[in-house]
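> Got a predicted structure here, sequence first:
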Amino acid sequence: MTLVELIIVMTLLVVLSGAIFGVLLRTERAQVFAETDTSLTGAGQDILEAIRGDVGRAFRLFVAGTEGAAYLSGLDRSSAPPLGNSRLPVLDTSLLFEKDIAGGETAGNLLLMAVHDRTDVFDLTGSGELRRTNVYRLVVWYLRPIPGSDPGKRIGSLDFVRWVSVPLADRNQVEEISDPGQRTALLVHLFNGDNPQDPALPFPPVRHLWRPGDPFPSAFLVVDSGGTTNAVPPGFELAMDPKRTRNGLLAHRGLAVASNLAGEEHGIARWSIRSDTGSGFPHGFESKILGPASARQVLLHFVLVSRRGEVPSELRNWADFQGLAETRDL
């Protein structure tokens, strides 16, 4: 083989290798994109169904106003700090889901609700006189910045938090018990989390009573180990249940809620008025509440993205989700 022939062969091999490498690279990127798209769709559907499930179990939805603001500020969210500019939705009496207009904004970017957790059953006298007590939890869905990410600089910088409170026993039902000894026995039972039907599987202990409809914090009482109740201390904050709370549902999967930087072309501010002041609003999560108390409707809309794609050589995945949930607001 002459030198010229050798050079020609080597050149052809280099060109062919480059072409094969390019095909392999594009195939790999396509596979990653498809896998991420599947993950994004699945995550969004799971979140939508989880929020719908919470709303469906809710018996009270908190909206913008004095009561809603007091309850929201009274939750201990220090381990999962929310995004600034987070807002509760305003109750809309128009019975129509429409885009907000300036001066009449109703959309929020979080949801706060009280849900029924379980019904406790306890034999008050030991002779079969069963007493049923409702146990509740407060649940909040909101956005928080992913550590190390700035919503003002990166599209994929936000995550969902599902904050769940410690269990709360119905104060009205407990105080209806006129016999002090029976009331004390019930409170000790709730405090210890006893499960007479299956002692090996105790319930989460109940350390607070709550009267739905009363203002924060006077609606709460603290239960001690002896079955005595006391007023909550000054500066009381309702504690989080770390076993039930999910402090981030997306980042560990390489996904995120889109920030305002995604723009209206990707679904941002479909129902609300966008603001980039401070931490921005609404970003990729919007909520609206309307309808009478007997048939509340909650509109949910959020936009998810893959965290990859911040540089031009990477492809970004997008997914837009919208759903409607119904409940009663007692």
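Ah, there it is.
> Using the three-state scheme, assign the most centrally placed residue in the chain.
Residue closest to the average C-alpha location in the chain (C-alpha atoms, centre = their mean): W141, at 2.6 Å. Judged by DSSP: H, G, I helix; E, B strand; the rest coil, the three-state class of W141 is strand.
> is the nearest residue to F97 once chain neighbours are set aside in a bridge, and if so with what?
Once flanking residues are discounted, F97 sits nearest to L299: 5.3 Å by C-beta to C-beta, 6 or more residues apart in numbering. Glycine gets a C-beta too; all of them are placed from N, C-alpha and C. Beta-bridge pairing for L299 (DSSP bridges): K288, L324.
> Next one, pLDDT for L299 please.
L299 carries a pLDDT value of 96.
> show me what contacts it?
Counting by C-beta atoms under 8 Å, 6 or more residues apart in numbering, L299 makes contact with F97, W271, E286, S287, K288, I289, L290, Q322, G323, L324.
> quick check, distance from stretch 66-79 to the centre of its chain.
15 Å (C-alpha atoms, centre = their mean, to the nearest Å).
> Start at 455, not 1
Okay, residue one is now 455; in that scheme the one you just asked about reads as stretch 520-533.
> Just the C-alphas of that stretch, formatted as PDB.
The C-alpha trace of stretch 520-533 is given here as PDB (Å, rounded to 0.1, in the frame of the first residue of the first chain):
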ATOM      1  CA  THR A 520     -57.300  37.400  58.100                       C
ATOM      2  CA  GLU A 521     -58.000  33.800  59.000                       C
ATOM      3  CA  GLY A 522     -56.000  32.300  56.200                       C
ATOM      4  CA  ALA A 523     -53.000  34.600  56.800                       C
ATOM      5  CA  ALA A 524     -53.000  33.800  60.500                       C
ATOM      6  CA  TYR A 525     -53.100  30.000  60.000                       C
ATOM      7  CA  LEU A 526     -50.400  30.100  57.300                       C
ATOM      8  CA  SER A 527     -48.100  32.200  59.400                       C
ATOM      9  CA  GLY A 528     -48.700  30.000  62.400                       C
ATOM     10  CA  LEU A 529     -47.200  26.900  60.800                       C
ATOM     11  CA  ASP A 530     -43.700  25.900  61.600                       C
ATOM     12  CA  ARG A 531     -42.200  25.600  58.100                       C
ATOM     13  CA  SER A 532     -38.600  26.500  59.200                       C
ATOM     14  CA  SER A 533     -37.300  23.100  57.800                       C
END
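> So which residues make contact with that stretch?
Residues contacting stretch 520-533 (C-beta under 8 Å, 6+ apart): 516, 542, 566, 592, 594, 617, 619, 669-671, 690-694, 696, 701.
> If we use 6 Å, what do you get?
F516, L542, L566, W617, F670, E691, L692, A693, M694 (C-beta atoms under 6 Å, 6 or more residues apart in numbering).
> Sketch out the helices for the chain, chain order is fine.
Using DSSP state H, the helices assigned to the chain run over residues 457-511, 520-527, 625-629, 634-646.
> rank these by pLDDT, which is bottom?
Among those, helix 457-511 carries the lowest mean pLDDT, a mean of 77.
> just to revisit the earlier point, drop anything exposed from the contacts of stretch 520-533.
Neighbour-count burial (16 or more other C-beta atoms under 10 Å) is assigned, among the contacts of stretch 520-533, to F516, L542, L566, W617, F670, L692, M694.
> tell me, how many neighbours does D633 end up with?
Close neighbours of D633, defined as other C-beta atoms under 10 Å, add up to 11.
> Retrieve the pLDDT associated with it.
92.
> got a list of what the residue lying closest to V757 once chain neighbours are set aside touches?
Nearest non-adjacent residue to V757, counting by C-beta to C-beta, 6+ apart: G738, 3.9 Å away. With contact taken as C-beta under 6 Å, 6+ apart, G738 is in contact with V711, A712, F756, V757.
> coming back round to it: looking at the buried ones among the contacts of stretch 520-533, which two lie furthest apart in space?
L542 and M694 (18.5 Å; C-beta to C-beta).
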